[in-house]
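A.B. asks: Output the structure for:
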Amino acid sequence: MLLGDMVYYDKCGGIHQGVFPFSEPYDQGLGLIVSNIMTYEYHGDDIFWAWILDENGNRIDISLDYLRLVVI
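C.D. replies: Predicted structure coming up:
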């Protein structure tokens with residue numbers, strides 16, 4: 001995934017599904033990656049994330065675990 005890619009985001013999916021059971025409707029939808037992929041270290045693991053712009057124009061910081069690339 002790169003800057004400018006269209007993605008489907010779903011915070012109810014991904015590897016953290018059992019830990020963070022989000023249920024708000026804005027926690028899934030289409031977005032556009034508007035930053036470079038960034039990383040931070042968390043308990044010895046590297047977490048990759050990016051800023052996305054959602055369908056309503058909101059900027060969301062989100063782990064790549066919750067993103068799927070949309071191929072048109």
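
A.B. asks: Quick check: the gap between the spatially most central residue of the chain and Gly31.
C.D. replies: Residue closest to the mean C-alpha point of the chain, counted by Cα atoms, centre = their mean, is Ile62 at 3.6 Å. Applying Cβ to Cβ, to the nearest Å, the value for Ile62 to Gly31 is 8 Å. For glycine as for every other residue, the C-beta is placed from the backbone atoms N, C-alpha and C.

A.B. asks: Over to Leu53?
C.D. replies: In this view, Leu53 and Gly31 are 6 Å apart by Cβ to Cβ.

A.B. asks: any residues in contact with both of the two?
C.D. replies: Listed contacts common to Leu53 and Gly31 are Ile60; contacts here mean Cβ atoms under 8 Å, 6 or more residues apart in numbering.

A.B. asks: of these two, who's got more company?
C.D. replies: More crowded of Leu53 and Gly31, by other Cβ atoms under 10 Å: Gly31, with 24 against 15.

A.B. asks: hang on, the earlier thing: the residue nearest to the centre of the chain touches Ile47, doesn't it?
C.D. replies: No: using Cβ atoms under 8 Å as the test, Ile62 is too far from Ile47 to be in contact (10.9 Å).

A.B. asks: mean confidence score for stretch 12-23?
C.D. replies: Averaging pLDDT along stretch 12-23 yields 55.

A.B. asks: same deal with stretch 52-68?
C.D. replies: On average, stretch 52-68 scores 90.

A.B. asks: what's the distance between it and the middle of its chain?
C.D. replies: Taking Cα atoms, centre = their mean, to the nearest Å, the mean C-alpha location of stretch 52-68 is offset from the chain mean by 5 Å.

A.B. asks: end-to-end on it?
C.D. replies: When the termini of stretch 52-68 are compared using Cα to Cα, to the nearest Å, they are 12 Å apart.
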